[in-house]
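>>> Dropping a prediction and its sequence here:
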Amino acid sequence: MRIALFITCFNDTMFPRTGKAVTALLERLGHTVEFPQAQTCCGQMHFNTGYRPETLPMVRRFAEVFAGYDAVVVPSGSCAGMVRDHHRGVAARYGDAVLTEAVERVAPTVYELSELLVDVLGVTDVGAYFPHRVTYHPTCHSLRMLRVGDRPLKLLRAVKGIDLVELPDAESCCGFGGTFALKNSEVSNAMLADKMRHVQDTGAEYLCAGDNSCLMHIGGGLSRLRTGVGTMHLAEILASTEGDAR
Amino acid sequence: MSGADNVVWLGTPAFPEAARTALADTRLRANLRRATGTIRDKRLAATAELEDWEELREKAAAVKRHTLRHLDHHLLRLEKAVTAAGGVVHWAADAAEANRIVTALVQQTGEDEVVKVKSMATQEIGLNEALADAGIRAYETDLAELIVQLGGDRPSHILVPAIHRGRSEIREIFRREMGEWGSPAPEALTDDPRDLAEAARLHLREKFLRAKVAVSGANFAAADTGTVVVVESEGNGRMCLTLPQTLITVMGIEKVLPSFSDLDVFLQLLPRSSTGERMNPYTSLWTGVTEGDGPQNFHLILLDNGRTATLADEVGRQALSCIRCSACLNVCPVYERTGGHAYGSVYPGPIGAVLTPQLVGVENAASLPFASTLCGACYDACPVKINIPEVLVHLRAEAVEAKRRDRLLPTAEALTMKAAGAVLSSPRRLAAAQRLAALGGRLVGRGGRIGALPGPFARWSGTRDTPAPPQESLRAWWRRTRTRRREDSRTTAGREG
């Protein structure tokens, strides 16, 4: 399968290791991964902060750059959700019929990583090895926009050596919310404090999620408190093999 | 608009600031966590046992959508049916007009006090204050509303307006205030919930038996029969709706349902969503007046107060489907931390964040659409499927647009967004920005992390470390290591996948 990687601007800049992991994982499974260099951003930050018209150029670029692939993989629930749920609305409101049609063609080919693996490629055991105690936080947009359900957990359960422990109150929001963390920093902190407490209660070495933005928020707090708990994107755990552990 | 002053509370600061004050109140946070947690679990259990829950939600959403699309038609049908059944229908364009009508109706009876059934619409218009200005005392008879009224306080939840109060506080309020308003609390009042309820019962009983005029809101009104419905738990509503001679009901125009049979769906959804019960204890339905039974004068006031304007917004109008169950408040992680007062409005929580700005104009409640992480828990819980995150994002755009209109110079945020937009819509500029970020990370990062960030980002870095941006972005890494390999792999792609 010819799969395009939409890394997202945030991962591209801050977490390239996640993109390398997605590539290694999909190639290990026998697929071709391409990285269109013309890609930029899904426009989520502008859209969710109220700068809706400014989203249009990014919507247009996405539809152009990612047209024609068998599948587009996104290692982020919220960016995948932005493309699938909101690009059409932006195109219809500020663009034209041609763009709307282009968006409608590309959107159904866009998958968050766990969706691509489980639904499209039909794998749950990706041959990963990760001998650590891990807890998983289902990020809000993967959970309630994309409805990925237990796909990430199915993938994690099949990882050899993993000690997967349940996160209490897992489905409550971590408090990141993009610009919310700046605009309502106190409320964000209060939510973060509860999430960190639950993570620590599990005794996990790593907190795993499908969105590095939420992980940077929770992980930033865990780091500030010197908890010793690390964060890892789902792709990075799934890409790990026995060779890495040596 | 005169209604605006009552929907939003004057003098309340913007949400972030009000939330800061609320977060500092540890007792408030403990009360809220306990109360919302309990209701949340009950609701989940009560909705899980219905196999057709999702179909019910879908059906309710469809009925509301249809009704709102033909609202004028159904309101005229309602007026006709209520009038035929012996009631009198009044139309109020805004809060001031509604208050004028109610005040005049009470004055016509010659009474100077009324008993009240818990009602969001009368709070929205500030009716109690308007009546007080005319020398008429309004007594709240719902237990939680009584606590709020006696405490000189404001409601902080749609269903449980005194959710911010603990029982020891309630005991103090009862002991201090009940005597001022009627029969005093017993000397030996404890903070046992049963004791507190009994004290309220005795205090209120006197008022029920004396009252000649009652004021209520309405949960639903059926346009075909003219039947008005009030759903409640304590029986105080039933007292108010049956004992007095005159009943005055103030109802938002969006509460109308096309048919009596539509109640089938809504009376299943509402109690399970609001209190987590299969059925609420008291459902009162009345159709105009019945000779020799119940109130002999019935007035129905149909209140607009910003609703028609809301209806004109294609995205925002779905907020008018709300049946005031408050499920969205109970599942909201933001509400759970801040409580209702921080929203500065009669309508708090997620539904308040989408309803209030529309009723009063987004420029008058500009911080509310941003008082959410867009986590979507409210949408999942909503029994009429209001896509609250969608409306929030829509109103954010309206708020930004309003600011753009009102100012000569763009805000700092708008400038930042403009610059970010330029970077993020060009791969060349994005790559340059990434090189700059990497350089910045190298300069200020220590051990791979950044402790303090400048300007508004200090609000982020106050509690969180930030990883230093890596030296090489993914796009740079890809170009450096894989461009040739990709060319190779193209030739072998046929046997893969």
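That came through fine.
>>> The lowest-mean-pLDDT helix or strand in chain B: what's the following helix or strand?
Counting by mean pLDDT, DSSP states H and E, chain B has its least confident helix or strand at helix B:4-7, which shows a mean of 65. Note on helix B:4-7: by DSSP states H and E, the next helix or strand toward the C-terminus is helix B:15-23.
>>> In that next one, which residues are buried?
B:Phe15, B:Pro16, B:Ala18, B:Ala19, B:Arg20, B:Ala22, B:Leu23 (16 or more other Cβ atoms under 10 Å in any protein chain shown). For glycine as for every other residue, the C-beta is placed from the backbone atoms N, C-alpha and C.
>>> Surely A:Lys195 touches A:Gly175?
Yes - look at A:Lys195 against A:Gly175 with Cβ atoms under 8 Å: they come within range, at 6.7 Å.
>>> Could I get the phi/psi values of B:Arg137?
Per-residue torsions, B:Arg137: phi -90, psi 130 (degrees, to the nearest 10).
>>> What count of nearby residues applies to the residue nearest to it when sequence neighbours are not counted?
Spatially, and ignoring its direct neighbours in sequence, B:Arg137 is nearest to B:Glu113 (4.5 Å; Cβ to Cβ, 6 or more residues apart in numbering or on different chains). Other residues lying near B:Glu113 total 16 when counted by other Cβ atoms under 10 Å in any protein chain shown.
>>> Same question for the biggest helix by length in chain B: list its buried residues.
Looking across chain B with DSSP state H, the single longest helix is helix B:26-48. In terms of neighbour count (16+ other Cβ under 10 Å), helix B:26-48 has its buried residues at B:Leu28, B:Arg29, B:Asn31, B:Leu32, B:Ala35, B:Thr36, B:Ile39, B:Arg40, B:Arg43, B:Ala46, B:Thr47.
>>> Next, count neighbours for the closest residue to B:Thr411 other than its chain neighbours.
Nearest non-adjacent residue to B:Thr411, counting by Cβ to Cβ, 6+ apart: B:Lys403, 6.3 Å away. Residues near B:Lys403, counting by other Cβ under 10 Å, number 17.
>>> what do you get for B:Gly152?
8.
>>> Same question for the one 10 residues further on.
When counting by other Cβ under 10 Å, one arrives at 25 neighbours for B:Ala162.
>>> Report the secondary structure state of it.
At B:Ala162, secondary structure determined by DSSP: H, G, I helix; E, B strand; the rest coil is coil.
>>> Got phi/psi on it?
The phi/psi pair for B:Ala162 (degrees, to the nearest 10) is phi -110, psi 30.
>>> Let me see the contact set for it.
Going by Cβ atoms under 8 Å, 6 or more residues apart in numbering or on different chains, B:Ala162 touches B:Leu143, B:Ala144, B:Glu145, B:Ile147, B:Val148, B:Gly151, B:Asp153, B:Pro155, B:Ser156, B:Ile170.
>>> For the residues you listed, give me TSV that also has secondary structure.
As requested, the contacts of B:Ala162 are exported to TSV (three-state DSSP):
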residue	secondary structure
B:Leu143	helix
B:Ala144	helix
B:Glu145	helix
B:Ile147	helix
B:Val148	helix
B:Gly151	coil
B:Asp153	coil
B:Pro155	coil
B:Ser156	coil
B:Ile170	helix
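>>> any idea of the mean pLDDT in stretch A:32-47?
For stretch A:32-47, the mean per-residue pLDDT is 97.
>>> about what we covered before: so the residue nearest to B:Arg137 is in contact with B:Ile136, correct?
Yes - applying Cβ under 8 Å, one finds B:Glu113 in contact with B:Ile136, separated by 6.5 Å.
>>> quick one: low-confidence ranges for the chain?
Since you didn't name a chain, this refers to chain A. Scanning chain A for pLDDT under 70 picks out the ranges A:245-246.
>>> Let me rephrase: I mean chain B.
B:1-5, B:484-497.
>>> what do you get if the cut-off is 50, keeping everything else the same?
Residue ranges of chain B with pLDDT under 50: B:1-4, B:489-497.
>>> on that earlier part again, contacting chain A as well, which ones from the buried residues of helix B:15-23?
Contacts with chain A are made by B:Phe15, B:Pro16, B:Ala19, B:Arg20, B:Leu23 out of the buried residues of helix B:15-23, judged by Cβ under 8 Å from any Cβ of the partner chain.
>>> wait, what's in contact with the last one?
When you say that, I think you mean B:Leu23. Counted by Cβ under 8 Å, 6+ apart, B:Leu23 has contacts A:Glu186, A:Val187, A:Ala190, B:Arg29, B:Arg337, B:Thr338.
>>> Could you find the closest non-adjacent residue to B:Val102?
Here the residue nearest B:Val102, using Cβ to Cβ, 6+ apart, is B:Ile248, at 5.6 Å.
>>> Near the one you found, how many other residues are there?
Neighbours of B:Ile248 (other Cβ under 10 Å): 26.
>>> So it lies in a strand, does it not?
Yes - counting by three-state DSSP, B:Ile248 is part of a strand.
>>> partner residues bridging it?
Taking DSSP bridges as the rule, B:Ile248 bridges to B:Val215, B:His299.
>>> correct me, but it touches B:Thr103?
No - with contacts counted by Cβ under 8 Å, B:Ile248 stays clear of B:Thr103, the gap being 10.1 Å.
>>> Next, give phi and psi for B:Cys467.
No, residue B:467 isn't Cys; it's Pro. Dihedral angles of B:Pro467 (phi, psi; degrees, to the nearest 10) stand at phi -60, psi 140.
>>> residue boundaries of the strands in the stretch 301-450 of chain B?
B:449-450 (DSSP state E, counting those that start in this stretch).
>>> Nearest residue to the residue in it positioned nearest to chain A in space, please, no chain neighbours.
In the stretch 301-450 of chain B, the residue that lies nearest chain A is B:Thr373 (3.0 Å; Cβ to the nearest Cβ). Spatial nearest neighbour of B:Thr373, chain neighbours left out: A:Gly177 (3.0 Å); criterion: Cβ to Cβ, 6+ apart.
>>> go on, B:Met417?
A:Tyr51 (4.7 Å).
>>> same thing with A:Glu242?
Distances taken as Cβ to Cβ, 6+ apart put A:Tyr129 closest to A:Glu242, at 4.4 Å, once the chain neighbours are dropped.
>>> which residues touch the residue nearest the centre of chain A?
What sits nearest the mean C-alpha location of chain A, by Cα atoms, centre = their mean, is A:Ser76, with 1.8 Å. Each residue near A:Ser76 by Cβ under 8 Å, 6+ apart is listed here: A:Thr8, A:Phe10, A:Asn11, A:Glu112, A:Gly210, A:Asp211, A:Asn212, A:Ser213.
>>> For those, work out which two are farthest apart.
With distances taken as Cβ to Cβ, the most widely separated pair in the contacts of A:Ser76 is A:Phe10 and A:Glu112, at 14.6 Å.
>>> Neighbours of B:Thr481, how many?
The local packing of B:Thr481 (other Cβ under 10 Å) involves 11 other residues.
>>> Domain parsing of chain B, as residue ranges.
By the assignment in automatic domain parsing, chain B contains the domains B:4-308, B:421-489.
>>> what does chain A give?
Taken from automatic domain parsing, chain A resolves into A:2-120, A:133-245.
>>> Save the ones you listed as a markdown table, and put in distance to B:Ala437 too.
Shown next, in a markdown table, are these (distance: least, Cβ to Cβ, whole Å):
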| stretch | distance to B:Ala437 |
| --- | --- |
| domain A:2-120 | 6 |
| domain A:133-245 | 14 |
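>>> Could you measure from the closest residue to B:Gly441 other than its chain neighbours over to B:Ala138?
What sits nearest to B:Gly441 in space, not counting adjacent residues and going by Cβ to Cβ, 6+ apart, is B:Ala468, at 3.5 Å. The gap separating B:Ala468 from B:Ala138 is 61 Å, by Cβ to Cβ, to the nearest Å.
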